[in-house]
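Participant: next come a sequence and a model predicted from it.
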Amino acid sequence: MSERIDNMTNKAVRYQQANVVEHLASQFVLGTLSSRVKRRVISLCKDNELLESRILFWQEKLACIDQKTAELPPSEQSWAVIADALDLELDTAISPVALTNNQPEQLKQTTKTTLKSPSLLSSITAWFNHAVLSTPLFSTPMYRLTTAFSMVVLVLVTLIVNPLSNNTEQLSYVAVLTEKDGSAHIVASTYGESKTLVVNVVNTPTIDKEQALELWVISKTDAQARSLGVIEQGKTLIEQQLTQAQWRLIKDSQSLIVTIEEVGGSPIGEPSEFIVSRGLCVRLQEWKDNA
Amino acid sequence: MYNGLKEAQTSMDYTRIKQGSQYSEDELIELLAQCKLGDQKAFALLYQKTAGRLNGIAYRITRQVDSANEVLQEAFIQIWQNRDLYQTDKGKAFTWLASIVRYRAYDRLRYDKRRCQNDQVEFNEADNLEINLDEINQHSQSVGLGEHSEQALNNCLSKLEQKQSQSILMAYMYGYSRDDISNYFNTPVNTIKSWIRRGLGRLQLCLSE
């Protein structure tokens, strides 16, 4: 009996030792404790103020990481599930934001007045495609190569002179993705160091409802493709704040491609064989230097 | 699950709380205070403002959209049921909310892994690792950016040995177990335990300065 009391006393003393408490608290917040030990810590917290305070310390110190985590809109059903479970009766005047899509890397559209009218770029390229590329004179490979280059120059000039977004920063990277026939599909550009990606959809290929277009960046370091996200159907101008990781992908990019995937994007994290368009990624400063 | 809700005893002026997903810490504190009084509108507004970020945290850990949404739902149910437990003197409101989500996400990740192993479906972590390490390095190497707390953390992380900081962040940010980290670095798990323990020790000293 006395041995049992001694053991209990020893355990109680042990959980007051600073190094033990610190170990348990920090590893609890990190999520690295086993299930059994985690349950023990939760139980101890009820009576051990030191342990609780150290858990709060670590949570607070590491929380800035969570503050910086990219948002992911919840599914439309999430609030309904919560409300149903809690039997909430809500005034419809305040209803949670339910976004229509739930894809983690979807390029979100910002509200811009330019969306109400055809973009200047698409007007120019539409005219260019119709008036120039469709004529017999420009059907030969040499002429197509020349016009493709001219197209790039035209696009770059348009972006530099008349940015389609409200971004006043300088163009830093740009890629003109063209389809097999040479017609422009997408112009992807980034501005300054703000890490903003602007995607102008010039021509949208027809795809099924069960399909989606996904934008990929091809690394010049390892030639691997990494996704920048699914292009929302029906949108012609999309602007997205890139994460630091995505910005590094852009800086390391050789080219961009757009592929046809299933709705929600590639399920395996790799592009399908159905490439819709591709284009080299050009760092504008280098282009300017070499002009 | 249903916890018997009281009617709101005071009426909150919702015009002071801006609609949309932007929020300040003070707004979250006020909304949680109203939730304690049984104010369902305040709870809905709390969801509106924080669900995107919290769902992002859940997704960061589970890497499954469906799992993230389920974690978010369970977390908000817990938030409402435990709303009386939040106290302003014990920490920030966002930290309290995010911690609930994070711990649930860790549990969900373990559950999904066990289920995959039982179904003999290959749990391919390789898809996550390259981008993970990039974001991890961003945290452990960037100094002098962001708010004071973020600066302090980044500064302290940069003082650790790289594998110590990487191991800590792999666990916190992505729910990697010590075995997962051991597999990734192809290093015995006892070495990983040592990295984490020493890294946390040095981190604690630095953060406490």
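Facilitator: Alright, I've got the coordinates.

Participant: correct me, but B:Ile57 touches B:Arg102?
Facilitator: Yes: between B:Ile57 and B:Arg102 there is a contact at 6.0 Å, judged by CB atoms under 8 Å. Where C-beta positions appear, they are placed from N, C-alpha and C, glycine not excepted.

Participant: if I look at these two, which residues touch both of them?
Facilitator: Common neighbours of B:Ile57 and B:Arg102, using CB atoms under 8 Å, 6 or more residues apart in numbering or on different chains, are A:Asp66.

Participant: how about the secondary structure of B:Leu72?
Facilitator: Under DSSP: H, G, I helix; E, B strand; the rest coil, the three-state class of B:Leu72 is helix.

Participant: sorry, that was for A:Thr204
Facilitator: Under three-state DSSP, A:Thr204 comes out as coil.

Participant: do you know how far it is from A:Asp84?
Facilitator: 38 Å (CB to CB, to the nearest Å).

Participant: the two: who's more crowded?
Facilitator: A:Thr204 (16 against 13; other CB atoms under 10 Å in any protein chain shown).

Participant: next up, phi/psi of that one, please.
Facilitator: With angles defined as degrees, to the nearest 10, A:Thr204 sits at phi -110, psi 120.

Participant: which residues touch it?
Facilitator: A:Thr204 sits in contact with A:185, A:213, A:233-234, A:236, where contact means CB under 8 Å, 6+ apart.

Participant: need the contact list for A:Leu56.
Facilitator: Going by CB under 8 Å, 6+ apart, the list of residues near A:Leu56 reads B:90-91.

Participant: pull the CA atoms of stretch A:227-244 into PDB?
Facilitator: C-alpha atoms of stretch A:227-244 as PDB (Å, rounded to 0.1, in the frame of the first residue of the first chain):
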ATOM      1  CA  SER A 227       0.200  22.500 -60.600                       C
ATOM      2  CA  LEU A 228      -0.700  26.200 -60.200                       C
ATOM      3  CA  GLY A 229      -4.300  25.300 -60.000                       C
ATOM      4  CA  VAL A 230      -7.500  24.700 -61.900                       C
ATOM      5  CA  ILE A 231      -8.700  27.400 -64.200                       C
ATOM      6  CA  GLU A 232     -12.300  28.200 -63.400                       C
ATOM      7  CA  GLN A 233     -14.500  27.800 -66.400                       C
ATOM      8  CA  GLY A 234     -16.100  30.900 -67.800                       C
ATOM      9  CA  LYS A 235     -13.600  33.300 -66.400                       C
ATOM     10  CA  THR A 236     -11.500  35.400 -68.700                       C
ATOM     11  CA  LEU A 237      -9.400  37.300 -66.200                       C
ATOM     12  CA  ILE A 238      -8.100  35.700 -63.000                       C
ATOM     13  CA  GLU A 239      -5.800  37.100 -60.500                       C
ATOM     14  CA  GLN A 240      -4.200  35.100 -57.700                       C
ATOM     15  CA  GLN A 241      -1.800  35.800 -54.900                       C
ATOM     16  CA  LEU A 242       0.900  33.200 -55.200                       C
ATOM     17  CA  THR A 243       2.300  31.500 -52.100                       C
ATOM     18  CA  GLN A 244       6.100  31.600 -51.600                       C
END
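
Participant: pLDDT weak spots in chain A?
Facilitator: A:1-12, A:90-170, A:192-194, A:267-268, A:284-291 (pLDDT under 70).

Participant: nearest to chain B: which residue in it?
Facilitator: Nearest residue of chain A to chain B (CB to the nearest CB) works out as A:Glu71 at 3.6 Å.

Participant: need the contact list for that residue.
Facilitator: Here A:Glu71 is in contact with B:21, B:52-53, B:55-56 (CB under 8 Å, 6+ apart).

Participant: what is the nearest of those residues to A:Arg39?
Facilitator: B:Asn55 (26.4 Å; CB to CB).

Participant: tell me which element that closest one falls in.
Facilitator: helix B:40-62 (DSSP states H and E).

Participant: elements contacting that helix?
Facilitator: helix A:49-67, helix A:76-86, helix B:25-36, helix B:65-81, helix B:93-118, helix B:162-174 (3 or more CB pairs under 8 Å, 6 or more residues apart in numbering or on different chains; DSSP states H and E).
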